[in-house]
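Chemist: Below: sequence and its predicted model.
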Amino acid sequence: MLNEKYQWDEIIGEALNNSLKLNIPSIRIEDAYVIYSVAYLTALKFGRLIAVDAGAGVGFSTIWMAKALYESGVEGKIYAIEREALRFRRLEDLVNKYYLNNLITPINGDALECIKGVGEELNLVFIDIDKEHYFDFFNEVKDKVIDGGVILAHNVKHHYGTVDAFLNEISKKNWKTIVVPTEEGVSISTKISDAR
């Protein structure tokens, strides 16, 4: 059972090394700090954290969310969804190696399909899937996010796929959106009223 805070540095380092070994682009440390901060504050705000990491890769972003959940001291779960089999195996191995099953539930499959099977209401979602699917994924997940919940999205400074359509939609009346100007750009959108 994870009980030593120093282990988080080891886990984060291993996740990053797994990304580098497999030549998988991972979020930058500045983006990780944004994710950690939002996850930590969201956990404290609600007294629990039920989150989704869509496009989890080998788990680098997921581990930052799990660290925030752990350090907040509240209950919760992170559903880490990854489509690619090799990346998923590395994610699952990391979760098992460090006994993080109480914090992270790895799910192998396409995020657009897998999100339909997540029956819990969510208060945090991180989107880092293929950019052509951002808009469709938002439409699948928006009603699962509770009032006051947050959707984060990566790479929003780039105009790939449906990123612009996603940003336009998540900037409408039921959402308050800002973009943190990191090198890749991370949007933070808070649900301000029930959009259903």
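Modeler: Cool, the structure landed.
Chemist: Which strands and helices lie in contact with the longest strand along the chain?
Modeler: Longest strand in the chain by number of residues (criterion: DSSP state E): strand 145-154. For strand 145-154, the elements it packs on are helix 29-46, strand 122-127, helix 134-141, helix 163-169, strand 186-191, judged by 3 or more C-beta pairs under 8 Å, 6 or more residues apart in numbering; DSSP states H and E. The C-beta positions use only the backbone N, C-alpha and C, and glycine is treated the same way.
Chemist: Buried ones in it, by neighbour count?
Modeler: The neighbour-count check on strand 145-154 (16 or more other C-beta atoms under 10 Å) flags 145, 149-154 as buried.
Chemist: Looking at the helices and strands packed on strand 145-154, spot the one closest to residue 56.
Modeler: Closest to residue 56 of the helices and strands packed on strand 145-154, according to C-beta to C-beta: strand 122-127, at 8.6 Å.
Chemist: chain center to that closest one: distance?
Modeler: For strand 122-127, the separation from the chain centroid amounts to 6 Å (computed by C-alpha atoms, centre = their mean, to the nearest Å).
Chemist: on that earlier part again, strands paired with the longest strand of the chain, and their directions?
Modeler: Here strand 145-154 is paired, per DSSP bridges, with strand 122-127 (parallel), strand 186-191 (antiparallel).
Chemist: so who does residue 76 touch?
Modeler: For residue 76, the contact set (C-beta atoms under 8 Å, 6 or more residues apart in numbering) comprises 43, 48-51, 69, 103.
Chemist: In strands, which of the residues you listed appear?
Modeler: If you go by DSSP E, these have 48-51 in strands.
Chemist: are any of those residues buried, and which?
Modeler: 48-51.
Chemist: Identify each buried residue in stretch 8-23, please.
Modeler: 8, 11-12, 14-16, 18-19.
Chemist: re earlier: what does the longest strand of the chain contact?
Modeler: 27, 31, 34-35, 38, 42, 45-46, 61, 121-128, 134, 138, 141-142, 163, 166-167, 170, 175, 184-194.
Chemist: The same query, at a cut-off of 7 Å, please.
Modeler: 27, 31, 35, 38, 42, 45, 121-128, 134, 166, 170, 184, 186-191, 193-194 (C-beta atoms under 7 Å, 6 or more residues apart in numbering).
Chemist: Could you give the number of residues near the closest residue to residue 129 other than its chain neighbours?
Modeler: Among residues not flanking residue 129 along the chain, residue 55 sits closest, at 3.9 Å (C-beta to C-beta, 6 or more residues apart in numbering). Residues contacting residue 55 under the criterion other C-beta atoms under 10 Å number 21.
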